[in-house]
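>>> Sequence first, predicted model second:
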Amino acid sequence: MKYVVMLGDGMADRPVPELGGRTPLEAAVKPHMDFLAQHGTVGMARTVPEGMPPGSDTANLSVLGYDPKIYYSGRSPLEAVSMGIPLAADDVTFRCNLVNLSEEGALEDATMVDYSSDEITTAESTELIAFLNREFHTETRDLYPGISYRHCLVLRHAETGTDCTPPHDISLKPVRDHLPKGRYGEQLLDMMKRSYALLRDHPVNLARVSRGLRPANCCWFWGEGTRPALSSFEERFGVKGGVISAVDLIKGIGICAGLKSVDVPGATGNVDTNFQGKAEAAIGLLQNGCDFVYIHVEAPDECGHRHEVENKVKSIELIDREILGRLLPTLQASGEDYAVLLMPDHPTPLSIRTHSGDPVPFVLYRSDRESPLHAGAYTEAFAEKTGLFIPEGHRLMEKLLLDERI
Ligand SMILES: O=C(O)[C@@H](CO)OP(=O)(O)O
């Protein structure tokens with residue numbers, strides 16, 4: 001038996017006026033997703049436990065079968081693992097975004113224009129992070145470059161207790177009420193203020209402005225955490241597997257769970273990602289010793305944060321055509337039975353431009369049996385209508401891999 005999780009990050013939504021009151025899942029042409037819904041078990045699952053932050057960290061941990069209430073130790077350390085940063089038990093990490101703030105004079109008066117600085121390239125951001133680290137490095141403090149706008153700050157011999165705000169939660173809002181507070185609030189704010197003064201005239205940013213792109217004029221800390229400890233996925237579920245994702249968060253969760261993480265050339269984390277390459281990488285894993293593959297596509301989430309309605313629909317259609325459209329016929333042709341769990345981690349509604357912790361629609365399809373809880377199509381409304389609700393989303397993995405009854 002082969003097992004696939006097809007995860008469209010932030011894919012679920014609410015009715016969108018620009019789509020005539022439909023959700024992106026309702027508007028998208030997605031015959032393969034609908035086929036799975038018409039023959040599989042369809043329902044709703046809560047992936048973000050009540051009272052926890054609705055992030056891709058908590059939600060993807062759930063989908064992979066790890067109860068966030070037990071295993072969640074913050075977002076940035078999961079990314080740090082993927083970035084190869086060695087972490088000690090008393091290290092505290094933060095995500096460091098290179099963001100674009102409006103240039104108002106004092107940082108407190110600025111607005112969060114773009115949490116991604118127009119998706120700054122990795123080559124540019126690596127140079128900016130190296131520049132900032134020369135300013136900020138101390139015996140107990142270092143910045144490490146990651147991908148595009150996503151980087152990491154490590155504080156050594158430190159403790160948790162700093163309150164920060166994810167920058168994608170405050171798009172187009174004044175930053176004043178969202179600056180770091182608590183244990184290292186002042187230290188982080190001081191670095192942010194210095195970066196705001198230092199970065200605007202950096203040659204990388206001057207070149208970006210001359211190309212009509214937003215400068216990455218400030219660093220922004222959030223996503224505090226400490227070294228994660230996940231139990232082995234293979235020991236829990238008895239299968240070898242891999243994860244395929246563009247982003248360090250999902251790669252890090254996979255690595256911490258003992259899964260293989262495959263890098264796909266051209267995987268960007270956006271609607272221009274290499275969908276076909278992800279399908280081919282998944283097929284490669286399944287044909288070479290893995291029975292389980294977790295395919296993560298970041299694009300619908302990014303489109304939700306940016307309020308890109310058409311691109312959100314398009315990214316769902318591309319997941320359907322380029323990934324499921326290649327994977328399902330290959331699995332079918334292999335003659336071996338297979339199961340597919342299709343779902344988002346959390347909704348990223350276009351109307352609020354950030355995540356919600358609402359339950360998400362899922363399909364659990366098995367090639368060896370029809371389910372009475374099938375639906376007409378894969379949409380939020382059809383999934384609600386079946387009446388099936390899984391209150392603890394991390395239990396879905398047991399239903400997929402251990403064939404527990406729903
Ligand atoms: O990586 C990030 O900074 C965020 C925003 O893109 O990702 P996600 O919304 O999946 O948490």
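Done, it's in.
>>> When you work out contacts or count neighbours from here on, use the C-alpha atoms and nothing else.
Noted.
>>> If you check the stretch 1-150 of the chain against the ligand, which residue is the closest one?
Nearest residue of the stretch 1-150 of the chain to the ligand: Ser56, at 4.4 Å (Cα to the nearest ligand atom).
>>> Check the stretch 151-300 of the chain too.
Minimum separation of the stretch 151-300 of the chain from the ligand (Cα to the nearest ligand atom) falls at His168, amounting to 5.8 Å.
>>> on that earlier part again, list the contacts of the residue of the stretch 1-150 of the chain closest to the ligand.
Neighbouring residues of Ser56 by Cα atoms under 8 Å, 6 or more residues apart in numbering: Asp9, Asp345, His346.
>>> and the ligand, which of these reach it?
Intersecting the contacts of Ser56 with the contacts of the ligand gives an empty set (criterion: Cα under 6 Å from any ligand atom).
>>> List the buried residues of stretch 43-56.
With burial defined by 16 or more other Cα atoms under 10 Å, the residues of stretch 43-56 counted as buried are Gly43, Met44, Ala45, Arg46, Thr47, Val48, Pro49, Pro54, Gly55, Ser56.
>>> Out of these, give me the two with the largest separation.
Distances among the buried residues of stretch 43-56 were taken as Cα to Cα; the most separated pair is Gly43 and Gly55, at 21.0 Å.
>>> related to what we said a few turns ago, in strands, which of the buried residues of stretch 43-56 appear?
Residues from the buried residues of stretch 43-56 lying in strands, with DSSP state E as the criterion: Gly43, Met44, Ala45.
>>> Quick check: closest non-adjacent residue to the residue of the stretch 151-300 of the chain closest to the ligand.
Of all residues not flanking His168 in the chain, Tyr115 sits nearest, at 5.5 Å (Cα to Cα, 6 or more residues apart in numbering).
>>> go on, Leu350?
Using Cα to Cα, 6+ apart and skipping residues adjacent in sequence, the residue nearest Leu350 is Gly304, 4.6 Å away.
>>> Next secondary structure after the helix or strand the one you found falls within?
Gly304 belongs to helix 299-306 when elements are defined using DSSP states H and E. Where DSSP H and E defines the elements, the next helix or strand beyond helix 299-306 is helix 309-318.
>>> Direction-wise, compare the helix or strand just after that following helix with helix 309-318 and give the angle.
The helix or strand immediately downstream of helix 309-318 is helix 325-334, counting by DSSP H and E. Taking axes from the mean of the first three to the mean of the last three Cα atoms, to 10 degrees, one finds helix 325-334 and helix 309-318 inclined to each other by 10 degrees.
>>> Helix 325-334 packs against which elements?
Other helices and strands packing on helix 325-334, by 3 or more Cα pairs under 8 Å, 6 or more residues apart in numbering; DSSP states H and E, are helix 275-287.
>>> just how off-centre is the helix it packs on within its chain?
Taking Cα atoms, centre = their mean, to the nearest Å, the mean C-alpha location of helix 275-287 is offset from the chain mean by 19 Å.
>>> by how many degrees do it and helix 325-334 diverge?
Using the same axes, to 10 degrees, one finds that helix 275-287 and helix 325-334 are set 30 degrees apart in direction.
>>> Restrict whatever helix or strand comes next after helix 275-287 to CA atoms and write it as PDB.
For helix 275-287, the following helix or strand on the C-terminal side (DSSP H and E) is strand 292-297. Listed in PDB are the C-alpha atoms of strand 292-297, where the atom choice follows Å, rounded to 0.1, in the frame of the first residue of the first chain:
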ATOM      1  CA  PHE A 292       4.500   7.500   2.300                       C
ATOM      2  CA  VAL A 293       4.900  10.900   0.800                       C
ATOM      3  CA  TYR A 294       3.800  14.300   2.100                       C
ATOM      4  CA  ILE A 295       3.500  16.800  -0.700                       C
ATOM      5  CA  HIS A 296       3.200  20.400   0.500                       C
ATOM      6  CA  VAL A 297       2.400  23.300  -1.800                       C
END
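>>> one step back: from memory the residue of the stretch 151-300 of the chain closest to the ligand sits against His305, does it?
Yes - applying Cα atoms under 8 Å, one finds His168 in contact with His305, separated by 6.6 Å.
>>> What is the burial count for Leu172?
Counted by other Cα atoms under 10 Å, the residues lying close to Leu172 total 16.
>>> how much space between it and Ala281?
Leu172 sits 37 Å away from Ala281, taking Cα to Cα, to the nearest Å as the criterion.
>>> how about the residues of the stretch 301-406 of the chain that lie near the ligand?
Asp301, Glu302.
>>> so which residue of the stretch 301-406 of the chain comes closest to the ligand?
When distances are taken as Cα to the nearest ligand atom, the stretch 301-406 of the chain reaches nearest to the ligand at Glu302, 5.2 Å away.
>>> In contact with that residue, which residues are there?
Residues Gly269, Asn270 are the ones in contact with Glu302 under the rule Cα under 8 Å, 6+ apart.
>>> Is the longest strand anywhere in the chain in proximity to the ligand?
With DSSP E applied, the strand covering the greatest number of residues in the chain is identified as strand 92-101. No - counting by Cα under 6 Å from any ligand atom, the ligand has no neighbours in strand 92-101; the shortest distance is 7.1 Å.
>>> residues in contact with that strand?
In this structure, residues lying in contact with strand 92-101 by Cα under 8 Å, 6+ apart are 75-77, 80, 110-117, 125, 149-160, 167, 214-227.
>>> now do stretch 106-124
Taking Cα under 8 Å, 6+ apart as the criterion, the residues outside stretch 106-124 that touch it are 97-104, 146-149, 167-168, 170-176, 193, 196, 204, 213-216.
>>> Next, the buried residues of that stretch.
Neighbour-count burial for stretch 106-124, counted by 16+ other Cα under 10 Å, picks out 107, 110-120, 122, 124.
>>> Closest one of the buried residues of stretch 43-56 to Ile250?
Ranking the buried residues of stretch 43-56 by separation from Ile250, with Cα to Cα as the measure, puts Ser56 on top at 8.6 Å.
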